[in-house]
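A.B. asks: attaching a predicted model along with its sequence, questions to come.
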Amino acid sequence: MQQIRRLEAHRLLAGRLSPPLIVSLLICFCAAAPAALGQGAQPEALTIPAGTPIEARLVRHIPMKAGQPVQAALAHAVYADNRLAFPEGALLHGSVVSLESNRELRTDARLNADFTPYHKPTVTFTSVTLPDGTSVPLATMPSSDGAPVIRLAPASAQSRSLIGKGVDAVKGWVDSTKEALLAPGLGDRMVQLLYHQLPYHPERIEQGTMWTCELKDAVLVPAPAAIPSPPVQAGTDAGSSDKKNVELHAYLDEELSSSNAKVGQQFRATVAEPVRGADHSLIVLQGAMLVGRITRAKAARSFHRDGSLRFEFRQLQLPGGNKEQIIGSVTGLEAKSGAALKMDSEGGVKSQPQGRVIVPLILTALASRPLDDDSNLTVSAGVGSNGMGLIGRVVGMAASSRDLAAGIGFYGAAVSVYRRWLRHGKDLTFPKDNRIDIEVSQRLGQQLSQR
């Protein structure tokens, strides 16, 4: 009886629905079904909070002038909610908004008769282009900390005598000179060397200059660009496949300077990238807080004794409020410094002056050449009158005076001695948002992976 009633109902419905209406309903259903299915699978957009640091590295030389467009590559990936928002290498677009006087560089250049009005550029960035071509607008705070960045890694612990250290310093100077001569771009470096011999030359912002900028406002990354973060494997100790350490990448929350740091002083750093295990589970969340402690601090002193710093990490505060005691050693640092720096095996950082002995000796030997009566006056004057750039050489060669040419040369040697031995040293400073890498011991890595 029930089957008969169902059949009658089906016949009645089929009689009321004409074939064209049925076709229309099927078309509407087929068009709406994929959209409904895709809506549930589409990834959510990411929001990068204001204040997040981004590091931009200039991709090519540009003139030093206000209003100059700036194109830079993102030096490190940016994460939000433990997912990749901006990949490393994404192109940032901005401009030079103003120029500031670089008084320190100007004063130092005057000693060599270089009267170029050196400046420091202030830049801002307004958009980022992702690898898939998506352009995301953003706004950064103005940044004027642009400088070439050197990557520091701990050196092996060695006990060296004073003579051995001197030999190492000479080797370092020879290696740096060899690199300057053999590295790509020699022609451009020679042109710049010639420019710096002039009493005035055009300025430019060097390729590789890096700025650390904080986002002025929160940035919404659209869903197509919000790619899930690839798993980050925990590190493995050398010589063992089952002993796993955890390497953390963080940014300093405050400036650290040898000028005012005290032994025992605590500071904080924020984990910038999530750390995942081999099973893709999160071991350390982005935003976790590292608590560090200054273990050694020496301020700069007279006779070119630069400042030094050493610090360590002993606590990890997870976003949920849990605290873990750790043994964290510094495995890498980025330093914006014109001076050569080195890191010891315990994470201490100090300057490594190069050519402190050999450069003054070479300049002194060259300065004495014009005093040799057997040599050609014009040639010896051109060789010996170092220290005042092109002006010194022209004056030394044109004056036809051996004493004047030698005097100019000895002046250059004296300036070299002053810079390397006599003037006050420079303090070692790591600014806020400075990038730092920390390796956490195997014990903590196992504890976190079991949480």
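C.D. replies: On my side now, so go ahead. Everything numeric here is computed off the predicted structure, so don't read it as measured data.
A.B. asks: now the host helix or strand of Gly407: buried residues?
C.D. replies: Per DSSP states H and E, Gly407 falls inside helix 402-417. In terms of neighbour count (16 or more other CB atoms under 10 Å), helix 402-417 has its buried residues at 402, 404-417. Just so you know, the C-beta spots here come from the backbone N, C-alpha and C atoms, and that holds for glycine as well.
A.B. asks: which one of those is nearest Asp437?
C.D. replies: Ser416 (35.7 Å; CB to CB).
A.B. asks: wait, doesn't the closest one sit right on Leu361?
C.D. replies: No - the pair Ser416 / Leu361 is not scored as a contact, 9.5 Å apart, by CB atoms under 8 Å.
A.B. asks: who touches both of the two?
C.D. replies: Any residue near both Ser416 and Leu361 by CB atoms under 8 Å, 6 or more residues apart in numbering counts here, and not one turns up.
A.B. asks: ok, Ala109 - how many residues close by?
C.D. replies: 18 (other CB atoms under 10 Å).
A.B. asks: likewise for the one 4 residues further on?
C.D. replies: When counting by other CB under 10 Å, one arrives at 17 neighbours for Ala113.
A.B. asks: right, and it touches Val395 too?
C.D. replies: No - applying CB under 8 Å, one finds Ala113 not in contact with Val395, separated by 9.8 Å.
A.B. asks: identify the contacts common to these two.
C.D. replies: With CB under 8 Å, 6+ apart as the test, Ala113 and Val395 both reach Met388.
A.B. asks: where does the prediction get shaky in the stretch 51-200 of the chain?
C.D. replies: Low-confidence segments of the stretch 51-200 of the chain, defined by pLDDT under 70, are located at 155-182.
A.B. asks: now the helices for it?
C.D. replies: Counting by DSSP state H, counting those that start in this stretch, the stretch 51-200 of the chain has helices at residues 103-110, 162-182, 186-195.
A.B. asks: send me the last one as CSV with only the CA atoms.
C.D. replies: Coordinates of the C-alpha atoms in helix 186-195 are reproduced here as CSV (Å, rounded to 0.1, in the frame of the first residue of the first chain):
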residue,chain,number,x,y,z
LEU,A,186,86.2,43.9,-9.2
GLY,A,187,85.6,46.6,-11.9
ASP,A,188,83.0,48.3,-9.8
ARG,A,189,85.2,48.2,-6.7
MET,A,190,88.1,49.8,-8.6
VAL,A,191,85.8,52.6,-9.7
GLN,A,192,84.7,53.2,-6.2
LEU,A,193,88.3,53.1,-5.0
LEU,A,194,89.1,55.8,-7.5
TYR,A,195,86.1,57.9,-6.5
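A.B. asks: on that earlier part again, any idea of the mean pLDDT for the helix holding Gly407?
C.D. replies: Averaging pLDDT along helix 402-417 gives 92.
A.B. asks: burial count for Gly133?
C.D. replies: Gly133, neighbours per other CB under 10 Å, totals 7.
A.B. asks: tell me the phi and psi of it?
C.D. replies: phi 90, psi -10 (degrees, to the nearest 10).
A.B. asks: residues in contact with it?
C.D. replies: Gly133 neighbours (CB under 8 Å, 6+ apart): none.
A.B. asks: ok, Asn245 to Glu439 distance?
C.D. replies: Per CB to CB, to the nearest Å, Asn245 is found 5 Å from Glu439.
A.B. asks: err, Ala72, not the other one
C.D. replies: 29 Å.
A.B. asks: beta partners for Glu55?
C.D. replies: Thr212 (DSSP bridges).
A.B. asks: can you give me the distance of it to Gly185?
C.D. replies: Distance from Glu55 to Gly185, by CB to CB: 23 Å.
A.B. asks: then Ala297?
C.D. replies: Distance from Ala297 to Gly185, by CB to CB: 38 Å.
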